[in-house]
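**Q** Kindly return the folded structure for what I paste below:
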Amino acid sequence: MISKSPYWEELADQYQRETLISCDDFHYGPLAAGDNILKLLPHDLAALNCLEIACGGAQNSIFLAKHGAQCTALDASRAQISHAEKLALENKVEISFLLMSMEELPGKLPHFDLIHSAYGFNFAVDFNRLIDSASNLLKKNGVLLFSLPHPLFSGEFLEIDNTEGLFLENYFAISPDLRFDVDDKETARSDFYSPTEISVALERNSMRIEAIREPGLCENPPYTSNAWEEYREQLQRFPATLIIKAIKNK
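**A** Residues are numbered from 1 along each chain as shown. This next block holds a predicted model:
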């Protein structure tokens with residue numbers, strides 16, 4: 001299968017080399033606290049059937065597998081899957097990897113107890129369709145747990161009259177974060193979604209929100225890099241990550 005994600009295909013090696021992501025804690029995003037602190041995962045992970053969407057290096061799936069979960073992880077980048085396979089081997093866990101885009105869901109997949117994604121849903125071509133697909137793959141009382149860039153993080157940090165703060169032109173019309181190649185051709189698009197937009201999509205699929213978290217800066221985060229550390233001062237005052245935990249009612 002040909003990779004459907006040329007952006008991540010080109011970036012994967014550098015990203016995995018420069019980003020430190022723990023396999024010993026479940027992470028939710030850059031510089032944010034992991035599940036050891038936030039405790040959003042189901043209490044008993046053993047034997048849960050789990051699906052990770054846009055897995056990257058699959059560090060979260062590896063963490064779950066270490067605790068007895070049965071894990072499937074998918075990504076649209078062959079390079080990312082290659083890194084994930086190596087990490088799984090190093091950590092001595094078995095994970096079923098799929099070279100597959102979010103847009104191909106639900107596909108011929110079983111139903112899951114837990115579907116999770118960290119900073120993946122924001123790259124969806126159609127966010128609402130993705131929520132529909134994820135919901136259709138969940139068992140009754142199954143958990144959908146995902147994190148996204150916080151809408152506030154789209155703002156610009158400015159200093160005015162010796163005071164620093166966040167400037168956001170229009171919360172109700174936030175421009176996407178567009179990625180370009182050296183020829184100024186758009187290669188990827190990361191969108192921002194408000195809690196209202198997310199809740200509407202979940203409610204349409206008979207899912208109830210159990211938790212919303214806007215984690216602040218963590219002293220020893222399970223996900224970090226030199227590039228993200230440059231935002232440490234800003235993230236002491238404004239969240240970069242929005243986390244949603246939802247339960248399928250029927």
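
**Q** right, and the secondary structure at the nearest residue to Phe112 once chain neighbours are set aside would be what?
**A** For Phe112, ignoring the flanking residues on the chain, the nearest one in space by C-beta to C-beta, 6 or more residues apart in numbering is Leu51 at 4.6 Å. Where you see a C-beta, it was placed from the backbone N, CA and C, and this is true even at glycine. Secondary structure state of Leu51, per DSSP: H, G, I helix; E, B strand; the rest coil, is strand.

**Q** Tell me, what's the model's pLDDT at the residue of the chain most remote from its centre?
**A** Relative to the centre of the chain, the most outlying C-alpha is that of Asp161, 36.7 Å out, by C-alpha atoms, centre = their mean. Note on Asp161: pLDDT of 84.

**Q** just the strands in the chain please.
**A** For the chain, the strands defined by DSSP state E cover 19-21, 49-53, 70-75, 95-99, 112-118, 138-149, 156-160, 163-167, 177-180, 186-190, 207-213, 223-225, 241-248.

**Q** What segments of the protein are helices?
**A** Applying DSSP state H to the chain gives helices spanning 6-18, 35-38, 59-66, 78-90, 127-136, 195-204, 226-229.

**Q** do you know how far the residue nearest to the spatial centre of the chain is from Ser175?
**A** The residue lying closest to the centre of the chain (C-alpha atoms, centre = their mean) is Ala118, at 1.5 Å. To Ser175, Ala118 is 23 Å away according to C-beta to C-beta, to the nearest Å.

**Q** And Lys139, by the same measure?
**A** 37 Å.

**Q** Comparing those two, which shows the higher neighbour count?
**A** Set side by side, Lys139 and Ser175 show more neighbours around Lys139, with 14 against 10, by other C-beta atoms under 10 Å.

**Q** Tell me which residues touch that one, please.
**A** Lys139 makes contact with 111-113, 248, according to C-beta atoms under 8 Å, 6 or more residues apart in numbering.

**Q** which among those gets closest to Ser77?
**A** Phe112 (21.7 Å; C-beta to C-beta).

**Q** So that closest one sits against Leu138, correct?
**A** Yes. If you go by C-beta atoms under 8 Å, Phe112 and Leu138 touch, sitting 6.0 Å apart.

**Q** still on that earlier bit, make CSV out of the helices of the chain and add distance to Tyr171, mean pLDDT and mean neighbour count.
**A** CSV is the format used below for the helices of the chain (distance: least, C-beta to C-beta, whole Å; pLDDT from 0 to 100; neighbours: other C-beta atoms under 10 Å):
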stretch, distance to Tyr171, mean pLDDT, mean neighbour count
helix 6-18, 27, 84, 16
helix 35-38, 25, 96, 16
helix 59-66, 29, 98, 25
helix 78-90, 32, 96, 18
helix 127-136, 17, 96, 19
helix 195-204, 11, 96, 15
helix 226-229, 23, 92, 12
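
**Q** got those as JSON lines, with distance to Phe238 columns?
**A** Converted to JSON lines, the helices of the chain look like this (distance: least, C-beta to C-beta, whole Å):
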{"stretch": "helix 6-18", "distance to Phe238": "24"}
{"stretch": "helix 35-38", "distance to Phe238": "18"}
{"stretch": "helix 59-66", "distance to Phe238": "24"}
{"stretch": "helix 78-90", "distance to Phe238": "29"}
{"stretch": "helix 127-136", "distance to Phe238": "23"}
{"stretch": "helix 195-204", "distance to Phe238": "15"}
{"stretch": "helix 226-229", "distance to Phe238": "14"}
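
**Q** Of those helices, give the one that comes closest to His150.
**A** Smallest distance to His150 across those (C-beta to C-beta): 9.8 Å, for helix 195-204.

**Q** Fine by me, thanks again.
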